[in-house]
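*Asks:* A structural model of the following input is requested.
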Amino acid sequence: MNMEEERKFLEGGETMMKRMMLLWLCLILVIGFSWVNSAKSAPAVKPIELNLSHIMSAVSYPHLGFKYYADDRVKITVYATGVLAPPAKVYESIIAGINDIGHHCSAYSPGPFPASETAFLPLPAVNAWSFS
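*Replies:* Sure, this is the predicted structure:
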């Protein structure tokens with residue numbers, strides 16, 4: 001094999017190597033794009049539906065604000081005070097399964113939260129002015 005034939009043989013090998021690299025790159029791109037496309041076309045999942053009951057009126061900020069904490073995967077239905085349970089029974093309605101989420105004052109239901117009841121103990125204050 002002379003120098004000219006050897007040079008052509010080596011150039012042919014480089015061309016073949018470039019073609020193989022291009023083929024592998026195309027294959028990787030096709031697999032990658034098909035994987036991304038299959039992730040987008042997944043079937044829609046039914047959102048989780050939760051009931052939220054709180055102790056405030058229907059025009060209060062928490063009533064209007066709770067709806068914005070949910071996204072496409074979670075749907076929160078907000079009920080104002082007294083719709084599903086009276087304010088003193090919000091905790092009991094969660095235990096019974098009427099509500100999924102409850103926002104209430106722990107002073108309304110003494111007993112289940114003994115650590116938080118310390119905030120409601122009487123303090124040695126003569127009047128509100130001297131205490132504040």
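*Asks:* Model confidence for residue 5, exactly?
*Replies:* For residue 5, the pLDDT comes out at 68.
*Asks:* sorry, that was for residue 77
*Replies:* The model's pLDDT for residue 77 equals 86.
*Asks:* Repeat that for residue 42.
*Replies:* At residue 42, pLDDT is 56.
*Asks:* Check residue 132 too.
*Replies:* 69.
*Asks:* residue ranges with poor pLDDT in this structure?
*Replies:* Within the chain, the segments meeting pLDDT under 70 span 1-3, 5-14, 36-43, 67, 70, 132.
*Asks:* in it, which spans are helices?
*Replies:* 3-40, 61-65, 90-96, 128-131 (DSSP state H).
*Asks:* Report the distance from the second one to the chain centre.
*Replies:* Taking CA atoms, centre = their mean, to the nearest Å, the mean C-alpha location of helix 61-65 is offset from the chain mean by 19 Å.
*Asks:* buried sites along that helix?
*Replies:* Neighbour-count burial for helix 61-65, with 16 or more other CB atoms under 10 Å as criterion, is recorded at residue 63. C-beta: built from backbone N, CA, C; applies to glycine.
*Asks:* Sounds good, over and out.
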